[in-house]
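Trainee: Build the 3D model from these lines:
(one chain, ligands or ions: 1)
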Amino acid sequence: MVQGTTSDAGKTTVVAALCRLLHRQGVKVVPMKPQNMALNSAVTADGGEIGRAQALQAQAAGLPPHTDMNPVLIKPSSDMGAQIVVHGKVRGDMDARDYDQYKTVAMSAVLESYARLQQQYDSIIVEGAGSPAEVNLRARDIANMGFAEVVDCPVILVADIDRGGVFAHFIGTLECLSESERNRIIGFVINRFRGDIRLLEPGLEWLEQKTGKPVLAVLPYLHGLMLDAEDAIQIKQNQTGKFKIIVPAIPRISNHTDFDALRAHPDVDLQFIGPDHPIPPADLIILPGSKNTRDDLEFLKQRGWQTVLEKHLRYGGKLIGICGGYQMLGQIVSDPYGVEGKVGDSMGLGLLDITTELTKEKRLQEVSGYCLFGKDQTAKVAGYEIHMGVTYASSETLPAFMINAEEGVQEEGTRSPDDQILGTYLHGLFDHPQACQALLAWAGMQSDTTVDLNALREHSINRVADACQPLLDALQRIA
Ligand SMILES: NC(=O)CC[C@H](N)C(=O)O
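Mentor: Numbers count the residues shown, from 1 in each chain. So this is what the prediction gives:
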């Protein structure tokens, strides 16, 4: 099991790297994260939903994503509450206290998944969550040492030296653990190191002497990786291109990995605009998905985005809404069952002639098809839908895509009659190089460059795997 001294220490990447290395050796390897808290999720082959980071690790292991790889997914919809997804299906909304009580049930779901994976695979690489030093969460823990103790597995501890304080992080984490938990840590991994290793060596020796545990590997800082983020938005964006795209960073943004292909595009300047940032002019504005459409809609209105969007459209700018962002563009978003908060209706931005009702059923599916705009209307699109909302469009509007869905071939999404606005439920809509190019051309960008996100992702997985070879060698020496 790979645990970290902090969130974002690099656990996800190390698990993906180990999966790829073992997969290359022909080992039947599978990733697993018992509990993940994230709003970036992926649709699985068995019709459920897991964290995107686990889907990435599945790809590294050469497998389609499966709900057993992330049996418990917590999707926060407010500061206190979250939607709890177990074995890929919504189990309800809970606040932090309810969930704490629910953890015993969640643990049995986790152990069921673990048992199934054990039967099918020779090697399971498990990722912890946050850090095992969170002593307040230790009772009933299913995410870190609580899990490791029950299944009795060895643990490696990863720390990010780029943030500094790694020695204190390692020693401090060990101090927060019980003796048996401490004993299961077989070694340390220092991640994102840059500089002269000779200057680090005295520290490594000190750490090994003080703890009696080895430093298994020092992994290099790798620039320009294109791997799905678990949750946090990467602040550093690509700002080299000329074509300006802005995305409001709404508080409950979901699946911001939708923008990875744009981030990687050399001709695009993509910026997420936080609440305190001035809103710059742009060629294209994209409203992202949201776990809480009505609250985030309110957030946008309060910060003056309605006026900004209207002005942007008056000046001929293009506007895209994805999933929750699509719903916001319409006339009304109603929540008759209170699935995302209080029961009630919200006035949308009134830019597209659509209305949305949030229902109790979540729609989860992978789709593919082609774009209904552009020169020849043959550009392929592939994406996935994860939403509770059902949207009705007026007959005045135009569809955006033709897709192969559960119900058969059908139109998807909506374009305004003047074709300045496009709304869609398809997450990942920029991932297919043809759709990416067609959408950017629709938005007015002149460029022949295409970005193949999947190829970039594969390349990144291979780079991190190569960098982790010394870690795997060290682990195989111990085993
Ligand atoms: N992923 C999303 O943007 C979801 C939108 C909205 N919260 C729904 O469930 O319908």
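Trainee: From now on I want contacts and neighbour counts done on CA atoms only, so please keep to that.
Mentor: Fine.
Trainee: Give me every residue in this structure lying close to the ligand.
Mentor: For the chain, the residues in contact with the ligand (CA under 6 Å from any ligand atom) are 254, 289-293, 323-324, 358, 386-389.
Trainee: could you redo the last one with a cut-off of 8 Å?
Mentor: Counting by CA under 8 Å from any ligand atom, the residues of the chain close to the ligand are 253-255, 288-293, 322-325, 327, 340, 358-359, 362, 385-390, 425, 427.
Trainee: Okay, and which of the residues you listed map to helices?
Mentor: Among the residues of the chain next to the ligand, the residues falling in helices (DSSP state H) are 293, 324-325, 327.
Trainee: Top of the residues you listed by number of neighbours, please.
Mentor: residue 327 (34 neighbours; other CA atoms under 10 Å).
Trainee: Hmm, residue 291 and that residue touching each other?
Mentor: No - here residue 327 does not reach residue 291: they are 11.6 Å apart, not a contact under CA atoms under 8 Å.
Trainee: residues contacting the closest residue to the ligand within the stretch 51-200 of the chain?
Mentor: Relative to the ligand, the nearest point of the stretch 51-200 of the chain is residue 77 (8.7 Å; CA to the nearest ligand atom). The neighbours of residue 77, taking CA atoms under 8 Å, 6 or more residues apart in numbering as the test, are 83, 252, 291-292, 340.
Trainee: for residue 7, same thing?
Mentor: Shown in contact with residue 7 (CA under 8 Å, 6+ apart): 129-131.
Trainee: any idea which helix or strand carries it?
Mentor: Remark: residue 7 resides in no helix or strand, with elements defined by DSSP states H and E.
Trainee: what secondary structure does residue 244 sit in?
Mentor: The local conformation at residue 244, judged by DSSP: H, G, I helix; E, B strand; the rest coil, is strand.
Trainee: ok, it to residue 373 distance?
Mentor: Distance of residue 244 to residue 373, given as CA to CA, to the nearest Å: 21 Å.
Trainee: swap in residue 393?
Mentor: Remark: distance between residue 393 and residue 373 (CA to CA) = 17 Å.
Trainee: Residue 153 too?
Mentor: 53 Å.
Trainee: Of these two, which one has the most company?
Mentor: Neighbours were counted for residue 153 and for residue 373 using other CA under 10 Å; residue 373 has more, 19 against 13.
Trainee: Isn't the more buried one up against residue 413?
Mentor: No - counting by CA under 8 Å, residue 373 does not reach residue 413; the two are 11.7 Å apart.
Trainee: intersection of neighbour lists for these two?
Mentor: 400-401.
Trainee: Kindly indicate the member of the contacts of residue 7 with the most neighbours.
Mentor: The residue in these with the most neighbours, by other CA under 10 Å, is residue 129 (24 neighbours).
Trainee: quick check, that residue in a helix?
Mentor: No - counting by three-state DSSP, residue 129 is not part of a helix but coil.
Trainee: What are the phi and psi values at it?
Mentor: Torsion angles at residue 129 (phi, psi; degrees, to the nearest 10) stand at phi -130, psi 140.
Trainee: before we move on, what about the one 10 residues further on?
Mentor: With angles defined as degrees, to the nearest 10, residue 139 sits at phi -60, psi 130.
Trainee: what's near enough to touch it?
Mentor: For residue 139, the contacting residues are residue 146, by CA under 8 Å, 6+ apart.
Trainee: what's the distance between it and residue 296?
Mentor: Distance, residue 139 to residue 296, using CA to CA: 34 Å.
Trainee: Equivalent analysis for residue 29, please.
Mentor: 40 Å.
Trainee: between those two, who's got more neighbours?
Mentor: The neighbour count for residue 29 versus residue 296, taken as other CA under 10 Å, is higher for residue 29 (26 against 21).
Trainee: now that one, which residues is it bridged with?
Mentor: residue 123 (DSSP bridges).
Trainee: Can you give me the pLDDT of the residue of the chain most remote from its centre?
Mentor: What lies farthest from the middle of the chain is residue 209; by CA atoms, centre = their mean that is 38.3 Å. We have a pLDDT of 98 for residue 209.
Trainee: May I ask which helix or strand encompasses it?
Mentor: For residue 209, the host element (DSSP H and E) is helix 197-211.
Trainee: Packing partners of that helix?
Mentor: Here helix 197-211 touches helix 166-175, going by 3 or more CA pairs under 8 Å, 6 or more residues apart in numbering; DSSP states H and E.
Trainee: returning to that earlier point: how about CSV for the ones in helices among the residues of the chain next to the ligand, with pLDDT added?
Mentor: Compiled in CSV, these are given as follows (pLDDT from 0 to 100):
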residue, pLDDT
293, 98
324, 98
325, 98
327, 98
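Trainee: can you give me the strands for the stretch 51-200 of the chain?
Mentor: Here the stretch 51-200 of the chain has its strands, by DSSP state E, counting those that start in this stretch, at 72-76, 81-86, 89-95, 123-126, 155-160, 185-193.
Trainee: ok, residues contacting stretch 106-119?
Mentor: Residues from elsewhere that reach stretch 106-119 (CA under 8 Å, 6+ apart): 30, 34, 68-69, 71-72, 86-87, 124, 142.
Trainee: Considering the residues you listed, which possesses the most neighbours?
Mentor: Top of the contacts of stretch 106-119 by neighbour number is residue 30, holding 33 neighbours under the definition other CA under 10 Å.
Trainee: Return the residues in contact with the nearest residue to it once chain neighbours are set aside.
Mentor: Distance criterion CA to CA, 6 or more residues apart in numbering; nearest residue to residue 30, sequence neighbours excluded, is residue 124 at 5.0 Å. By CA under 8 Å, 6+ apart, the contact set of residue 124 is 29-32, 117-118.
Trainee: so how far is residue 229 from residue 124?
Mentor: Per CA to CA, residue 124 is found 21 Å from residue 229.
Trainee: and after the strand or helix carrying residue 402, which helix or strand comes next?
Mentor: Counting by DSSP H and E, the element that carries residue 402 is strand 401-405. Once the chain leaves strand 401-405, the next helix or strand it forms, by DSSP H and E, is strand 408-412.
Trainee: which helices and strands does that following strand pack with?
Mentor: Here strand 408-412 touches strand 401-405, going by 3+ CA pairs under 8 Å, 6+ apart.
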